[in-house]
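Enquirer: build me a structure from this.
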Amino acid sequence: MSRKVTDNVVEPRAVDNRARHVKTIIIGSGFAGLGLAIRLSQQGREDFLVLERGSEVGGTWRDNTYPGAACDVPSHLYSYSFALNPDWTRSFSRQGEIQAYIRSVAQRYDVLDRHVFDCDVRRVHWNNETSRWEISSTQGEFTADTVISAVGALCEPALPDIKGINEFEGEIFHSAQWNHDADLTGKRVAVIGTGASAIQIVPAIADKVATLDVYQRTAPWLLPRMDRPYLLPERLAFKHIPGVQRLSRAAIYAARETQVVGLAKFPVLMKGFEALSRAKLQFEIRDPELRKKVTPNYRIGCKRMLISNEYYPALDRDNVDVITDGIAEVKPGSIVTKDGTEREIDALIVATGFHVTDSPTYNNIVGRDGRTLSEVFDEIGQQAYKGSAIANFPNMFFLVGPNVGLGHTSMVYMIESQINYVSDALATIDKLGLKTVEVREDVLREYNTGLQNKLAKTVWNTGGCASWYLDKHGNNTTLWPDFTFEFRRITKHFDVSAYNTTTADAPGADLKVVAAQ
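Expert: Predicted structure coming up:
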């Protein structure tokens, strides 16, 4: 592929029909893909490319630009350990600041010239004859010895299956595809959903719109958002006094990690968080009827715990209405609920989350036996070994794969743990002269049986709710059920003995299985 570099960013110039071969291809450049690209570059690996469907790095933080978008993990922890940012302006950063940080890290570590932007990957297919991956994209054809999927869990917006929603004639868009050209001022607006995005959007637009109908299926548990701007002396200390920022980061990490005891070990301990949330609800909602509507009926932590100081006061506004009756249909200019009530609206905001356990991207990855990743998951459920490897998909690794998600702390910590594992896997492949590596099915089964046994005792499985953490088989295939430092321990090194491996002793030699080590 011909490329030109402008301001250090690769721009495709022309695409021919010949497949370009690189040793390693990374798909996606959010925190995970970018972090791995930096690690490979630091290791002196130059024969790799990052295929990114967007026009720049950032992933979730590039795409989610809705009003009020911000992180629910403290800034100093929600960043790379190797690229701390002393210039965070507040304890919980907002979308624009996080995106600027990611962009600056990509520039600082000089990996933008290994990116192909506006490159939507359409198909990833394993060729048994060549033992290579074949990748079709909007920027041409590629082949690779190894592919790492860094697509992420929160990238494919999930639209609700509601009768007539495609017939709505007003403004309609998903929270992750915000239409900034749409002026909601003075409009009658409806928001479907009350998850992490909705609780930020509702307060941000409530004082601008004429009326705001919030359609709630399940009430979330809310905790206080301990957010504040950093004072100048603090920022100076973070920048100029060695160790201050790392000490702050360590303290935040330790405090967050204590939540694992209640979430994953002894769910009864979550009652303290529940008492705090109930007190917050009592204080911030004046209307007893509204308070009853927004009081959850499951144990706190079963669904994602949310933080906000503005959501409940926004719901208490005179122009805001919380609607708990299910939606029967959407008409060209209104929404009809199951009790027959019709409410006219001018704009509809869909804040219904993402395809996490059923991502459409799984349909585009075809493994060794011709089955897609979707077909494999349909049969066995969404399973991976250490969140990184799946049987039937040799020489492929996943960042932020199954059971790597968290409900309490920074995903960047888990991402860096997986980067350790995958980068060591690539080094091991080179060191041993391996042609292919594929996780053994017995290892995969044993690992996931252990995970589900642990998860059975957690609040996510015993808290009395139905959540996006669960797949269609009823298994929690999203979250890690232990301390994050335990995940860091098991991913410190690549355990080649857990994999079936082959090698070619010389050009044209037959492949042979390497004995497990």
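Enquirer: which strands or helices does the longest strand along the chain pack on?
Expert: Determined from DSSP state E, the single longest strand within the chain is strand 140-149. Packing partners of strand 140-149 (3 or more CB pairs under 8 Å, 6 or more residues apart in numbering; DSSP states H and E): strand 20-27, strand 121-127, strand 132-137, strand 396-398, helix 411-432. In short, each C-beta sits where N, CA and C put it, glycine included.
Enquirer: the inter-axis angle of the helix or strand following the first one versus strand 140-149?
Expert: Going back to what we said before, that points to strand 20-27. With elements assigned by DSSP states H and E, the helix or strand that comes after strand 20-27 is helix 31-42. What separates the directions of helix 31-42 and strand 140-149 is an angle of 100 degrees, with axes from the mean of the first three to the mean of the last three CA atoms, to 10 degrees.
Enquirer: now helix 31-42: average pLDDT?
Expert: In this model, helix 31-42 carries a mean pLDDT of 98.
Enquirer: contact partners of the next helix or strand after it?
Expert: As assigned by DSSP H and E, the chain's next helix or strand after helix 31-42 is strand 48-51. Contact partners of strand 48-51, identified using CB atoms under 8 Å, 6 or more residues apart in numbering, comprise 22-29, 33-34, 37, 40, 111, 114-116, 119, 121, 135, 137, 139, 142.
Enquirer: how about residues contacting stretch 165-184?
Expert: So stretch 165-184 is contacted by 63-67, 154, 157, 159, 187, 193, 197-198, 201, 205, 208-209, 330-333, 345-352, 354 (CB under 8 Å, 6+ apart).
Enquirer: show the buried residues in the residues you listed.
Expert: In the contacts of stretch 165-184, burial by neighbour count holds for 63-64, 66-67, 154, 157, 187, 193, 197-198, 201, 205, 209, 330-331, 345-352, 354, counting by 16 or more other CB atoms under 10 Å.
Enquirer: okay if I get the helices and strands packed on strand 140-149 as TSV plus mean pLDDT?
Expert: Output for those, formatted as TSV (pLDDT from 0 to 100):
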stretch	mean pLDDT
strand 20-27	97
strand 121-127	97
strand 132-137	97
strand 396-398	97
helix 411-432	97
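Enquirer: pick the most deeply packed of the ones you listed.
Expert: Ranked by mean neighbour count under mean count of other CB atoms under 10 Å, those are led by strand 396-398, which reaches a mean of 27.
Enquirer: by contact count, what packs against that one?
Expert: In this structure, strand 396-398 packs against strand 140-149, helix 411-432, with contacts taken as 3+ CB pairs under 8 Å, 6+ apart.
Enquirer: what strands line up against it, and which way round?
Expert: strand 140-149 (parallel) (DSSP bridges).
Enquirer: mind checking how far the partner strand is from the chain centre?
Expert: Using CA atoms, centre = their mean, to the nearest Å, the distance from the centre of strand 140-149 to the centre of the chain it belongs to is 22 Å.
Enquirer: hang on, the earlier thing: heading C-terminal from the longest strand of the chain, find the next helix or strand.
Expert: Following strand 140-149 in sequence order, the next helix or strand is strand 171-174 (DSSP H and E).
Enquirer: before I go, just wanted to say thanks for your time.
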